[in-house]
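A.B. asks: this is a predicted model, with the sequence first.
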Amino acid sequence: MELTDAELISAFKAGDAEALGPLMERHKAALYGYLLRLTGRQDAAEDIFQEVFLKLVRNPAAYGEREKFRAWLFTVARNAAMDHFRREGARGEVPLEGDGERPGPADYAASPEPGPEAAAVNKELGEKIAAALARLSQDQREVFYLRHYSGLSFKEIAEMLSVPIGTVLARMSRAAALLRKEISR
């Protein structure tokens, strides 16, 4: 039987250091994917990912158990990313193409497995999606990523961003409309 996030956190707070591993493993893909899309840099995403879990290790009481762990985790990750942007002087602008060292969103959009014709179609669609995502405002792109790539509910996103749920829904609606328009061109 798999333990819930709350049970693992309780065990970790009680001194069971092994409880952190399953928590990291459970949320690794979604959190890392969110950070990679948000920063556009693999090294930055890895650093922030580690920073998020170090915060929990250093101060387990920071998680207040009144909120869902996943929502808390993404809130901490977003705040750490914003701190990173302030330190780096970046504004969260994600380059469409990788630079050979760091991947860009277009590098993830196309699947490497299909044959040449399907790969060309996928690459074109992936580039359209990446270009359309780049045209979204930072607020719209963030809500889109949190909803579709991280699986957070609109309520969790609203709490995380400290905005009314109507604002989150409006941002998502505008983002979806723009993406549909851009992709159908």
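C.D. replies: Structure received.

A.B. asks: lowest-pLDDT helix or strand in the protein?
C.D. replies: helix 105-109 (a mean of 49; mean pLDDT, DSSP states H and E).

A.B. asks: just checking, F49 touches L73?
C.D. replies: No. With contact defined as C-beta atoms under 8 Å, F49 does not count as touching L73 (10.2 Å). (Each C-beta comes from the backbone N, C-alpha and C, glycine too.)

A.B. asks: ok, the two, which is more surrounded?
C.D. replies: L73 (27 against 20; other C-beta atoms under 10 Å).

A.B. asks: show me what contacts the nearest residue to the more buried one once chain neighbours are set aside?
C.D. replies: Spatially, and ignoring its direct neighbours in sequence, L73 is nearest to H27 (5.8 Å; C-beta to C-beta, 6 or more residues apart in numbering). By C-beta atoms under 8 Å, 6 or more residues apart in numbering, H27 lies in contact with 69-70, 73.

A.B. asks: remind me which helix or strand H27 belongs to.
C.D. replies: Secondary structure from DSSP states H and E places H27 in helix 20-39.

A.B. asks: just the mean pLDDT for that helix, thanks.
C.D. replies: Averaged across helix 20-39, pLDDT comes to 87.

A.B. asks: which other helices and strands contact whichever helix or strand comes after it?
C.D. replies: Per DSSP H and E, the first helix or strand lying C-terminal to helix 20-39 is helix 42-58. Contact partners of helix 42-58 among helices and strands, from 3 or more C-beta pairs under 8 Å, 6 or more residues apart in numbering; DSSP states H and E: helix 20-39, helix 69-88.

A.B. asks: now these as a markdown table including distance to F154?
C.D. replies: Converted to a markdown table, the helices and strands packed on helix 42-58 look like this (distance: least, C-beta to C-beta, whole Å):
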| stretch | distance to F154 |
| --- | --- |
| helix 20-39 | 16 |
| helix 69-88 | 11 |
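
A.B. asks: re earlier: just give me how far the helix holding H27 sits from the chain centre.
C.D. replies: 8 Å (C-alpha atoms, centre = their mean, to the nearest Å).

A.B. asks: same question, stretch 49-59
C.D. replies: Counting by C-alpha atoms, centre = their mean, stretch 49-59 comes out at 17 Å from the chain centroid.

A.B. asks: fine by me, we can end here.
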